[in-house]
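A.B. asks: Okay, sequence plus prediction incoming.
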Amino acid sequence: MYDKHGGRKIRFAAIVSKMNDFLRTIIKPPYRNLPWLALGYVIACVLILHHGGVFTGHLIGFDDHVRMTEILNWINGAGWYDRTMMRANPPEGFTSIWARIDEIPFAVIIIIAQKFMPQKIAALVAAAIVPLIEIVLLFAAAAPYFARPLVGKNKARLIVLFLIFTSLLNTKYFSYSGFVVGQVSHHPWYVILNLLMFGATARLAMGSARFSPILMLGGSIALLFSVGIESFPLIAGAAGLLALVAWSGGRPAVVARGGDGFLLGAMGALLLLPAQQPPEQWMTISFAEPSILGVILILAAGVFLKFEREILLRLNARKAAAAAILCAAAALIGAGLVCAFPDILNGGAAGLSPIEREMALHVHFEALSIYGASRDSMEFIGLAAPIFLALAAGIFSALRAKGRRRATAICYLGFAALGGGMSFVYSRYYHHAMTTACAWLLWTWEKIKDHLRKDQYFNWLALAIFIALGPFWMLLLPEIDSGAPIIPNVLLFPASVQAAPVIGDPIPLSDFINAHYNKNTLLVVNHPESANFLYYSDVRIDFIDNYPSHNKFIDNFNLFATHDPKFAEEIVARHNVDLIAVCTYHRELEPVISDGALNFYALLQTEHAPHWLRKIDVGNVTNYLLYEVDKKAVARDLGTAG
């Protein structure tokens, strides 16, 4: 079996030795290869559960379909600033608020891949590859940069375990993080850049004299501005934490260097503004889109930190007086910004009419708090427990630490409070809550393990504690509560969202519509399904469930919710609708009876359509029903009525 010199045996021994070396880098500090093992686990899960998602031609969610439509329009000839999709919400069209900058990775892969396959298949390839690249960047940002100041160099990479086994990579439970194969999202960049911003903030709070944290702080803030407006509260929170650390420790150098970072961020945001808007629109102030307002907000934070430095130099021994002056200055700056830009108070709903704003904030799932969006109290406990565990660990550490370690604890406690607090207002921020909580969960795990080293059952206890700190609340408890299967939903959960869509499959019906109707046909569907048909069909879509909708929220909701077919007929006539599609088993609009009458959606589901709608035979390939509007009957009815 071996030659006389044992050549093969030596080669085999060398391979075994290399494998042992690789394993040691996973199970022993500094765990260098652990992130790669975690990435391999995610990829393996995707391959095992390959029965849905991109493997069957589906993207994941609402934003993903709209965003990919925008990307394909760009690749097919739309200009850099042309983000208006005329097929949606006609005749005005839908203009997205999303930046082009984070569409570049998808576009590059599609342009290359479409040389070898149809463009729609190339889009699916991009939707599979880019999230995996973003996971690599997530681990790189979370481990050596974000977690290291709190847990140390040797243990920082262990944070990937908590990132994997919480909801961060799972869109099923309140996560809009976008790291799942099949998503086309800007949210991963929020998470990655926020972690870099927080890591830089912590280093400055600890008193780092290096220039790199200033550069990282300014660069991450500028890039966050280029991705979108969602991180403005976190940017303001980072400035507030630097101000608190400097005031409590009497360290003006902290805010001096922090101010440099924010001023650098304002300069970078200004330089990147042309990537968002053409110059003639820079002064069009909107909280919903990047504009000069974002630069002003970042600049205001930098100026405040510089002002605090001067106050601390003069009143370092009189903390109460310094606090009073700083609070007054912050209030004055805030009041000035609100007076200059009052729409700030409306947040992401700025620019909408009062009626539409009210509807959007009550209907959009992500606009609800995690309490309001929870199915029951058990689910809410599971979502909130990791946040409260992180806050408890942070308070415990801050009370016991001294000097720079206390500054670090205050910063990371603040990060957890910012992410957790925001998620209690809007569930869309839950991924920020979990990324910041993961650092404290890891810190807690390591502290508890230190007290258990001599226990004969140490390994089993360490595993049980790890599960109890994160995976139990985020994976096991929800599955136990819903009675779901444990293996695909827990052990293989990073790929569990690859299952078929929860609403009807729009692809077969879209193919039918594309084959039998021209591109000027106007289709109306219920709001959750609107993005699917925008992406898969070639016809015009009367309303897509996003901003701005030109008040079409109102008519779309009224059309399907009304119990008066005559009222529905008037809406259809006003919008000049050609086709109406409904899913036969939609979960949100099951047959509803009020005063003995079904709502309009339920009438169509149960094939009790009024006489002015004609059911189209689409075969048995879809679970949608398609109705064509009889324009002559509508005109006759309304003419008689009017």
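C.D. replies: Cool, got the structure. Owing to the predicted nature of the structure, the values given are computational and were not obtained by experimental measurement.
A.B. asks: which sections of the stretch 251-400 of the chain are below the confidence cut-off?
C.D. replies: 285-289, 346-353, 356-365 (pLDDT under 70).
A.B. asks: What's the first helix or strand after whichever strand or helix holds Leu461?
C.D. replies: Take DSSP states H and E as the rule and Leu461 turns out to sit in helix 458-469. Where DSSP H and E defines the elements, the next helix or strand beyond helix 458-469 is helix 471.
A.B. asks: Contacts for that next one, please.
C.D. replies: 165-166, 490 (CB atoms under 8 Å, 6 or more residues apart in numbering). Every residue, glycine included, has its C-beta placed from N, CA and C.
A.B. asks: any chance of those residues in JSON lines, plus distance to Leu383, neighbour count and pLDDT?
C.D. replies: Output for the contacts of helix 471, formatted as JSON lines (distance: CB to CB, whole Å; neighbours: other CB atoms under 10 Å; pLDDT from 0 to 100):
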{"residue": "Phe165", "distance to Leu383": "15", "neighbour count": "25", "pLDDT": "85"}
{"residue": "Thr166", "distance to Leu383": "10", "neighbour count": "25", "pLDDT": "83"}
{"residue": "Val490", "distance to Leu383": "16", "neighbour count": "18", "pLDDT": "79"}
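A.B. asks: Compile those into CSV and extend it with columns for distance to Phe225.
C.D. replies: Shown next, in CSV, are the contacts of helix 471 (distance: CB to CB, whole Å):
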residue, distance to Phe225
Phe165, 32
Thr166, 27
Val490, 38
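A.B. asks: residue ranges of the helices in the stretch 51-200 of the chain, please?
C.D. replies: Using DSSP state H, counting those that start in this stretch, the helices of the stretch 51-200 of the chain run over residues 62-75, 104-113, 119-140, 148-151, 159-164, 187-205.
A.B. asks: With mean neighbour count and mean pLDDT added, can I get those helices in a markdown table?
C.D. replies: As requested, the helices of the stretch 51-200 of the chain are arranged in a markdown table below (neighbours: other CB atoms under 10 Å; pLDDT from 0 to 100):
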| stretch | mean neighbour count | mean pLDDT |
| --- | --- | --- |
| helix 62-75 | 22 | 93 |
| helix 104-113 | 17 | 97 |
| helix 119-140 | 20 | 94 |
| helix 148-151 | 22 | 95 |
| helix 159-164 | 25 | 92 |
| helix 187-205 | 26 | 95 |
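A.B. asks: possible to save those helices as TSV with distance to Arg375?
C.D. replies: TSV is the format used below for the helices of the stretch 51-200 of the chain (distance: least, CB to CB, whole Å):
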stretch	distance to Arg375
helix 62-75	20
helix 104-113	33
helix 119-140	26
helix 148-151	33
helix 159-164	24
helix 187-205	23
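A.B. asks: To Trp445, which of those helices lies closest?
C.D. replies: Among these, helix 159-164 comes nearest to Trp445, with 8.1 Å by CB to CB.
A.B. asks: ok, Leu442 - how many residues close by?
C.D. replies: 29 (other CB atoms under 10 Å).
A.B. asks: host element of it?
C.D. replies: Using DSSP H and E, Leu442 falls within helix 430-450.
A.B. asks: tell me which residues of that helix are tucked away?
C.D. replies: The neighbour-count check on helix 430-450 (16 or more other CB atoms under 10 Å) flags 430-445, 449 as buried.
A.B. asks: what's the answer for stretch 618-631, then?
C.D. replies: For stretch 618-631, by 16+ other CB under 10 Å, it's 618, 622, 624-629.
A.B. asks: Output the residues you listed as CSV; include the columns secondary structure and pLDDT.
C.D. replies: Compiled in CSV, the buried residues of stretch 618-631 are given as follows (DSSP: H, G, I helix; E, B strand; the rest coil; pLDDT from 0 to 100):
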residue, secondary structure, pLDDT
Val618, coil, 90
Thr622, coil, 82
Tyr624, strand, 91
Leu625, strand, 92
Leu626, strand, 95
Tyr627, strand, 96
Glu628, strand, 96
Val629, strand, 96
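A.B. asks: Mind picking the two most distant members of the residues you listed?
C.D. replies: Thr622 and Val629 (19.4 Å).
A.B. asks: now the closest residue to Leu469 other than its chain neighbours: how far from Ala200?
C.D. replies: Of all residues not flanking Leu469 in the chain, Leu441 sits nearest, at 4.8 Å (CB to CB, 6 or more residues apart in numbering). Leu441 is 22 Å from Ala200, where distance means CB to CB, to the nearest Å.
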